[in-house]
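J.: What shape does this take:
(2 chains)
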Amino acid sequence: GQQLNQSPQSMFIQEGEDVSMNCTSSSIFNTWLWYKQDPGEGPVLLIALYKAGELTSNGRLTAQFGITRKDSFLNISASIPSDVGIYFCAGRETGGSYIPTFGRGTSLIVHP
Amino acid sequence: DGGITQSPKYLFRKEGQNVTLSCEQNLNHDAMYWYRQDPGQGLRLIYYSQIVNDFQKGDIAEGYSVSREKKESFPLTVTSAQKNPTAFYLCASSMPGYYGYTFGSGTRLTVV
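T.: This is a model prediction of the structure:
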């Protein structure tokens, strides 16, 4: 099936730093979703994107739907210790199944 | 409060035994899903159901079985045929056509 390439696989940063991660696909998507999973819990939806070029914020988080419709980006500004977790991208391929495809996740560790 | 409940949180079983993981939702969602999560592997779809008494195999259905007798409930049975059952299992639900899932808090299954 469709594969999503999510990078980086892991990040180790200092509190206060900004974070960037991205997700790319080999085909055109019409929906991009970003989730955060706290350790030992289920993922929680952070941001949903539905149009190419769309830029959406949720507090210190900002996500963008790439203009090529084959990628998406998530930025976290001024990281804090509670940002620790795994961030997953997910997307729905245009003309494909309604079941979204998930990336493998970016593990974020924030040092105080 | 509406939500999705998985139980138990931790489960230990001996090799060769079948085990059933519970998933209940009171969100009135039509669709329910089961995912398996292994370190570095992201989320892999086991089974999904769009309506009561109907379900479809996902990408890794071998060794698993499900039932959907009620809208609120979607239990997953891990059978002895599953070669490597130790993993974190996540249940999710959604409304039809909406790609943002609500996830449960997961069940960590350890087979010894």
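J.: For the chain, which segments count as strands?
T.: No chain was given, so I picked chain A. Secondary structure of chain A by DSSP state E: the strands cover A:4-7, A:10-14, A:19-25, A:29-37, A:43-49, A:55-58, A:61-65, A:71-76, A:85-93, A:101-102, A:106-111.
J.: I was after chain B.
T.: Shown for chain B, the strands assigned by DSSP E span residues B:4-7, B:10-13, B:19-25, B:31-38, B:42-51, B:54-57, B:64-66, B:76-78, B:87-94, B:102-103, B:107-111.
J.: ok so, going back, now render the strands of chain A as a markdown table, adding mean neighbour count and distance to residue B:100.
T.: No exception for glycine: its C-beta is placed from N, CA and C like everyone else's. Shown next, in a markdown table, are these (neighbours: other CB atoms under 10 Å in any protein chain shown; distance: least, CB to CB, whole Å):
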| stretch | mean neighbour count | distance to residue B:100 |
| --- | --- | --- |
| strand A:4-7 | 18 | 16 |
| strand A:10-14 | 13 | 24 |
| strand A:19-25 | 21 | 16 |
| strand A:29-37 | 24 | 6 |
| strand A:43-49 | 20 | 5 |
| strand A:55-58 | 13 | 13 |
| strand A:61-65 | 20 | 13 |
| strand A:71-76 | 21 | 14 |
| strand A:85-93 | 24 | 9 |
| strand A:101-102 | 24 | 13 |
| strand A:106-111 | 17 | 19 |
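J.: Can you add distance to residue B:37 and mean pLDDT and give these back as JSON lines?
T.: Shown next, in JSON lines, are the strands of chain A (distance: least, CB to CB, whole Å; pLDDT from 0 to 100):
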{"stretch": "strand A:4-7", "distance to residue B:37": "14", "mean pLDDT": "94"}
{"stretch": "strand A:10-14", "distance to residue B:37": "16", "mean pLDDT": "96"}
{"stretch": "strand A:19-25", "distance to residue B:37": "17", "mean pLDDT": "97"}
{"stretch": "strand A:29-37", "distance to residue B:37": "8", "mean pLDDT": "95"}
{"stretch": "strand A:43-49", "distance to residue B:37": "9", "mean pLDDT": "95"}
{"stretch": "strand A:55-58", "distance to residue B:37": "23", "mean pLDDT": "96"}
{"stretch": "strand A:61-65", "distance to residue B:37": "22", "mean pLDDT": "98"}
{"stretch": "strand A:71-76", "distance to residue B:37": "19", "mean pLDDT": "98"}
{"stretch": "strand A:85-93", "distance to residue B:37": "9", "mean pLDDT": "94"}
{"stretch": "strand A:101-102", "distance to residue B:37": "10", "mean pLDDT": "91"}
{"stretch": "strand A:106-111", "distance to residue B:37": "13", "mean pLDDT": "96"}
